[in-house]
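**Q** for reference, the sequence and a predicted model appear below.
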Amino acid sequence: MNIRRSHDRGFADHGWLKSFHTFSFAGYHDPQFMGFRCLRVVNEDRVVPGKGFGTHPHRDMEIVSYVLAGTLAHRDSMGHGNAVRPGDVQRMSAGTGVLHSEFNASREDGLHFLQIWIVPDRTGHAPGYEQVHFDAAEKRGRLRMVVSPDGRDGSVKVNQDARVYAALVDGEEQVEHHLAAGRAAWLQVCLGAVRVNGERLEAGDAASFTDGQVVIDRGEGAEVLLFDLP
């Protein structure tokens, strides 16, 4: 297990946006953290009321948004106009090209969400959009698959052999994940604190694994994402 502490991440303060970069992004560059396997971006963004990312292009990337607090207002050139709230998982496949904007839908409350980029299995996919809600009960004390390559168990589908699980862990709850041969895992602590393979991790911390198992316990209001990657 290799730990990536929250305070070691890149940071950008644009006034309306405060963003922590787990991997190199925009003006933050660290050759040791250019991504992990096909996981390219994990940005923790906080957006002030009424502000956001204006219309801009993307292509050949699987973009997943995971809202922790507030409401994300999404619009894109495919005709989607959606509100994304805590419990929702939004996936936009940029494919051959798409325009989109992401704003804080509230004039009063802040928006806190994770922006995740996964490199697709090939270039040239058709653009696509999907959004699914997962109740807290589905994630309580267990790893609930929320992203997969085939949409199994009601998860959103990405064009990559990657699986993402979400879990809420508190008190005596314990969850385990076993890695198959040749697979690797990235664990991101979104909220709270938790023990992972005996090490305490807090919000913003992360850890990578290239074999064995991941044991998550002793949660203190923890919400985590686990990426199982090729």
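**A** Perfect, I can see it now.
**Q** can you pull the buried residues of the strand ranked longest in the chain?
**A** In terms of residue count, the longest strand belonging to the chain (DSSP state E) is strand 213-229. By neighbour count with 16 or more other C-beta atoms under 10 Å, strand 213-229 contains the buried residues 214, 216-219, 222-229. Backbone N, C-alpha and C define where each C-beta goes, glycine included.
**Q** just send those back as JSON lines, with distance to residue 54 and pLDDT too.
**A** What follows is these, written out as JSON lines (distance: C-beta to C-beta, whole Å; pLDDT from 0 to 100):
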{"residue": "214", "distance to residue 54": "38", "pLDDT": "98"}
{"residue": "216", "distance to residue 54": "38", "pLDDT": "98"}
{"residue": "217", "distance to residue 54": "42", "pLDDT": "98"}
{"residue": "218", "distance to residue 54": "42", "pLDDT": "97"}
{"residue": "219", "distance to residue 54": "37", "pLDDT": "98"}
{"residue": "222", "distance to residue 54": "34", "pLDDT": "98"}
{"residue": "223", "distance to residue 54": "29", "pLDDT": "98"}
{"residue": "224", "distance to residue 54": "31", "pLDDT": "98"}
{"residue": "225", "distance to residue 54": "27", "pLDDT": "98"}
{"residue": "226", "distance to residue 54": "32", "pLDDT": "98"}
{"residue": "227", "distance to residue 54": "29", "pLDDT": "98"}
{"residue": "228", "distance to residue 54": "34", "pLDDT": "98"}
{"residue": "229", "distance to residue 54": "31", "pLDDT": "98"}
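**Q** how about the residues you listed in a markdown table, adding distance to residue 191?
**A** What follows is the buried residues of strand 213-229, written out as a markdown table (distance: C-beta to C-beta, whole Å):
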| residue | distance to residue 191 |
| --- | --- |
| 214 | 18 |
| 216 | 13 |
| 217 | 16 |
| 218 | 15 |
| 219 | 10 |
| 222 | 7 |
| 223 | 4 |
| 224 | 8 |
| 225 | 11 |
| 226 | 14 |
| 227 | 17 |
| 228 | 21 |
| 229 | 22 |
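**Q** need the max-distance pair from these.
**A** 218 and 229 (25.3 Å; C-beta to C-beta).
**Q** find the centremost residue of this protein, please.
**A** The residue lying closest to the centre of the chain (C-alpha atoms, centre = their mean) is residue 116, at 4.4 Å.
**Q** how much space separates that residue from residue 213?
**A** 23 Å (C-beta to C-beta, to the nearest Å).
**Q** all helices for the chain, in order.
**A** Assigned by DSSP state H, the helices in the chain fall at 136-139.
**Q** does residue 64 have beta-bridge partners, and which?
**A** residue 91, residue 116 (DSSP bridges).
**Q** who's in contact with it?
**A** Residues near residue 64 by C-beta atoms under 8 Å, 6 or more residues apart in numbering: 89, 90, 91, 92, 115, 116, 117, 118, 147, 156, 158, 164.
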